[in-house]
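Asker: pasting the sequence and the predicted model now:
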Amino acid sequence: MRRGIAATALVAALALAATACGGDDKDAAGETKAGGELSGTVTWWDTSNDAEKASFQKIAEAFTAKHPKVTVKYVNVPYGDAQNKVKNAFSSGSDAPDVIRADVGWVADFASLGYLDEVPAETAKKVDSEFLAQAAASGKYEGKTYAVPQVIDTLGLFYNKKMLADAGVQPPKTLEELKTAAAAIKAKTGKAGLYLRGDDSYWFLPLIYGEGGDLVDAKNKTVTVDNAAGVKAFKTARDLVTSGAAVTNATDGWTNMQTAFKSGEAAMMINGPWAVADTYAGDQFKDKANLGVAAVPAGSVKAGAPQGGHDLGVYAGSKNRAAAHAFVDYMTSQEVQVQSAKELSLLPTRTAAYEQPDVKSSEMVQFFKPAVDKAVERAWIPENGSLFEPLKVEYTKAITGASSPEDAAKAAGVEFRKILKGWK
Amino acid sequence: MAAHTSQSVAKAAGDGVENDAAARGRSRRTDSGNTRGLRRALATHWYAWAMIAPVVLVLGVIIGWPLVRGVYLSLTDANERNVARTIGARHIDATYEFVGLDNYTAVLGDPVFLQRLVWTVMWTVACVSITFTLGLVLANMLNRDFRGRAAYRMALILPWAVPGFVSVFAWRFLFNRDNGILNKILDGGGIAAIPWLDDPTWAKFSVVAVNVWLGVPFMMVALLGGLQSIPGELYEAAEMDGASAWQRFRHITLPGLRAVSMTVILLSTIWTFNMFPVIFLLTRGGPGDSTEILVTQAFREAFVSSPRDFAGSATWGVLILALLMIFALVYRRSLRKQGEVW
């Protein structure tokens, strides 16, 4: 792959060039000058989806009202390409953003590579005392705080109330109930029961947690995706599809899932709060009350959904770190969180925000908050984000029948151990 | 002209892989080796040398240096965590080490390499043979006089004019199982939806189809050029002697096209072997990893997992290059045996 070589060579060349004239003037622009007015440009790379981005852009640009000399440059980077783009920008230093919205799974990775600036001590204290504990944990790496949680989320079962009522079924609590419900829906309406996303392994996590398993056991440095629970989870995924309870796709899963659910082709889907704004735009949900959300269906052991969300971090090489940190404080402030909860049904990360009337009155927030409290925290290790790609390959193979559940689990374990060198 | 197709497609993915390989394949020169002759040539043509010097320099920088660097990296354990990098004012020094051929034994010892290689070869052979056959048929059809010939030629060259990634994305929409036009049409005819990109076999069929669609115009134009250089008298004479259409095709057209076909087949093989954008943009190597070819796998090694494995990726790159060079050598030798001068 020549591009890789070229890119590496370029990075190396740039690094060499920079060493020659670099010197050791660390922290030149880093410290907030007491009383000094912030100025300059803060470039923010936001990874929110199409339904959310307009709202975030508006909020971000309103930062200028507080700091007139700071210009905010809002850039929307599609979530799927973001991790790579951010890494390319961070490692070369050219055109790197000052602030990024990072998936909670990326923070440890970026921090371990030295790309993120530690948050100021004052902010770190606030993160510890005023934010939800699970959210705060995601922004830390080796005991230090590198990112401030912006939103927190987890997966839930979205359902079309009318379609379920027409078929005479209740929202299913277990996978068994889900299968029965799906059969009833199919018989009554001819539509699919569940749309299960087959091209992204994040959607596989509830299935593995449901069997009491997990991807890895970070405490004991053990890969657990290929143990009995893991195999069972792959079987469950395959079974949902072969039994006809769920429909799936191996490509364009997000678009197909949203289209199917919004148009009433599928009665249920598993998704997170970030999908709410887009779902409300669908034909079936002109009356917002038609959208119901329940906990993800339980497997044979429990109902478990992963804790997700996004944190805001400042690039360690940013020329304007003081302003960038101020921007992060602003974007994670209570007012902003309450506003995005109201407009986009996103869950705040500040404990006190849940006392606000706008948040209290949001049905989605009211549903998702208890779900988030119970959500399964992932291992916050640097490799966290890279486990999803090999897992996706095996998950797709298992769900489309290209590989048996046993082989899929085994192959995922092999790939995980390649990434997590030295793990059992 | 030849470089154009590959360029538009390659640029689309921000990737210049195919070009270099093609350029190198053609740039072999016979060396006189005579110092006196060389000196005389320098004396008389110094301005020519001076003029190509910048090109040579640029090529050396953008192809030669990364190549050397890549080979070196493949012998180390360089990854994102231990290469030198500069973050703002802070500089982190490189700490990777020389590990010899460890990366090569690791890659070649992994069954994944063989799997990818087998599919890459199948994909290349399928694409090139179908593209060539279709190109030849179309070129023959367009080589006769008929009304609106220019319009037909334009229409057939169109896929070439559209940027590669646009074509690939358009096809991706067409192939979508639930909402794609292809399945809507099938549905209208009462045929069950085909999981174009969701089933390993269909996905392989789909990527080959798209690549053929992208590659046919180039083949057609090149072969059309070849056809037009065959003197018409040959056909007239053959017709006088009572040769059938097939006989004329077999004994005049094919030998007449030989030089052109050999070139386009070689170029097309090299491009297809490294055709990153079609696979990456259409299926991302999926479903699962069923359409992953060597270059997309190398990309995955380098850019998807964390820390990014630069050494591993370089190893894949060097192996791909080596395979193509061996292929080009064997191909050239077999042509020589058949009496072609290359």
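Answerer: Alright, I've got the coordinates.
Asker: which stretches of the stretch 201-342 of chain B have low pLDDT?
Answerer: For the stretch 201-342 of chain B, the stretches with pLDDT under 70 are B:340-342.
Asker: which bits of it sit near chain A?
Answerer: Counting by CB under 8 Å from any CB of the partner chain, the residues of the stretch 201-342 of chain B close to chain A are B:203, B:283-284, B:286-290, B:295, B:298-308, B:310, B:313-314, B:316-317, B:320-321. Every residue, glycine included, has its C-beta placed from N, CA and C.
Asker: ok, and for stretch A:141-156, which residues are buried?
Answerer: By neighbour count on 16 or more other CB atoms under 10 Å in any protein chain shown, the buried set for stretch A:141-156 is A:141, A:145-156.
Asker: correction: the previous question concerned stretch A:60-77.
Answerer: Buried residues in stretch A:60-77 (16+ other CB under 10 Å): A:60, A:63, A:67, A:70, A:72, A:74, A:76-77.
Asker: that stretch - what's its average pLDDT?
Answerer: Stretch A:60-77 shows a mean pLDDT of 92.
Asker: now the terminal residues of that stretch, how far apart.
Answerer: This stretch, stretch A:60-77, spans 15 Å end to end (CA to CA, to the nearest Å).
Asker: ok, and what's touching that stretch?
Answerer: Outside stretch A:60-77, the residues that touch it by CB atoms under 8 Å, 6 or more residues apart in numbering or on different chains are A:37-48, A:53, A:56-57, A:85-86, A:97, A:323, A:326-327, A:330-331.
Asker: which ones among the buried residues of stretch A:60-77 are found in helices?
Answerer: Counting by DSSP state H, these place A:60, A:63 in helices.
Asker: from the buried residues of stretch A:60-77, which is closest to chain B?
Answerer: residue A:77 (15.2 Å; CB to the nearest CB).
Asker: for the closest one, give its distance to residue A:84.
Answerer: As for residue A:77, its distance to residue A:84 is 10 Å (criterion: CB to CB, to the nearest Å).
Asker: ditto for residue A:48
Answerer: From residue A:48 to residue A:84 the distance is 18 Å (CB to CB).
Asker: which of the two has more neighbours?
Answerer: residue A:48 (24 against 13; other CB atoms under 10 Å in any protein chain shown).
Asker: state the pLDDT value of the more buried one.
Answerer: You'll see residue A:48 listed with a pLDDT of 91.
Asker: not counting sequence-adjacent ones, nearest residue to it?
Answerer: Closest residue in space to residue A:48, ignoring its immediate chain neighbours: residue A:56 at 5.2 Å, by CB to CB, 6 or more residues apart in numbering or on different chains.
Asker: just the element for that neighbour, please.
Answerer: Following DSSP states H and E, one finds residue A:56 within helix A:50-61.
Asker: now that helix: buried residues?
Answerer: Within helix A:50-61, the residues scored as buried using 16+ other CB under 10 Å are A:51-52, A:55-57, A:59-60.
Asker: what sits closest to residue B:101 if chain neighbours are left out?
Answerer: Closest to residue B:101 by CB to CB, 6+ apart is residue B:75, at 7.2 Å.
Asker: contacting residues for that neighbour?
Answerer: Contacts of residue B:75 (CB under 8 Å, 6+ apart): B:98-101, B:103, B:311.
Asker: of the residues you listed, which one scores lowest on pLDDT?
Answerer: Taking pLDDT as the measure, these have their low point at residue B:100 (86).
Asker: for the residue positioned nearest the centre of chain B, grab phi and psi.
Answerer: Most central in chain B under CA atoms, centre = their mean is residue B:271, positioned 0.5 Å from the mean C-alpha point. Note on residue B:271: its backbone torsions stand at phi -60, psi -50 [degrees, to the nearest 10].
Asker: check residue A:103 too.
Answerer: When read as degrees, to the nearest 10, the backbone of residue A:103 gives phi -60, psi 140.
Asker: that one contacts residue A:312, doesn't it?
Answerer: No: the pair residue A:103 / residue A:312 is not scored as a contact, 11.5 Å apart, by CB atoms under 8 Å.
Asker: about what we covered before: taking the buried residues of stretch A:60-77 together, which two end up most distant?
Answerer: Spanning the widest gap among these are A:67 and A:77, at 23.6 Å by CB to CB.
Asker: give the contact list for the closest residue to chain B within the stretch 251-400 of chain A.
Answerer: In the stretch 251-400 of chain A, the residue that lies nearest chain B is residue A:317 (2.8 Å; CB to the nearest CB). With contact taken as CB under 8 Å, 6+ apart, residue A:317 is in contact with A:90, A:93, A:96, A:115, B:86-90.
Asker: return the members of the contacts of residue B:75 classed as buried.
Answerer: Buried residues within these, defined by neighbour count using 16+ other CB under 10 Å: B:103, B:311.
Asker: now tell me what touches stretch A:408-424 from outside.
Answerer: Contacts of stretch A:408-424 (CB under 8 Å, 6+ apart): A:215-216, A:220-223, A:225-226, A:230-231, A:233-234, A:381, A:383, A:386-387, A:390-391, A:393-395, A:397-398, A:403, B:305-306.
Asker: okay if I get the contacts of residue A:317 as JSON lines plus distance to residue A:187, neighbour count and pLDDT?
Answerer: Shown next, in JSON lines, are those (distance: CB to CB, whole Å; neighbours: other CB atoms under 10 Å in any protein chain shown; pLDDT from 0 to 100):
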{"residue": "A:90", "distance to residue A:187": "53", "neighbour count": "21", "pLDDT": "88"}
{"residue": "A:93", "distance to residue A:187": "60", "neighbour count": "17", "pLDDT": "77"}
{"residue": "A:96", "distance to residue A:187": "55", "neighbour count": "22", "pLDDT": "89"}
{"residue": "A:115", "distance to residue A:187": "54", "neighbour count": "26", "pLDDT": "91"}
{"residue": "B:86", "distance to residue A:187": "63", "neighbour count": "20", "pLDDT": "78"}
{"residue": "B:87", "distance to residue A:187": "60", "neighbour count": "22", "pLDDT": "80"}
{"residue": "B:88", "distance to residue A:187": "62", "neighbour count": "23", "pLDDT": "73"}
{"residue": "B:89", "distance to residue A:187": "67", "neighbour count": "18", "pLDDT": "72"}
{"residue": "B:90", "distance to residue A:187": "64", "neighbour count": "16", "pLDDT": "76"}
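Asker: where exactly do the strands run in the chain?
Answerer: Assuming you mean chain A. Listed in chain order, the strands of chain A (DSSP state E) span A:40-46, A:70-76, A:99-103, A:140-141, A:144-145, A:147-154, A:156-160, A:192-195, A:216-217, A:222-223, A:246-247, A:266-271, A:291-294, A:307-314.
Asker: that was the other one, I meant chain B.
Answerer: Going by DSSP E, chain B shows strands at B:85-87, B:90-92.
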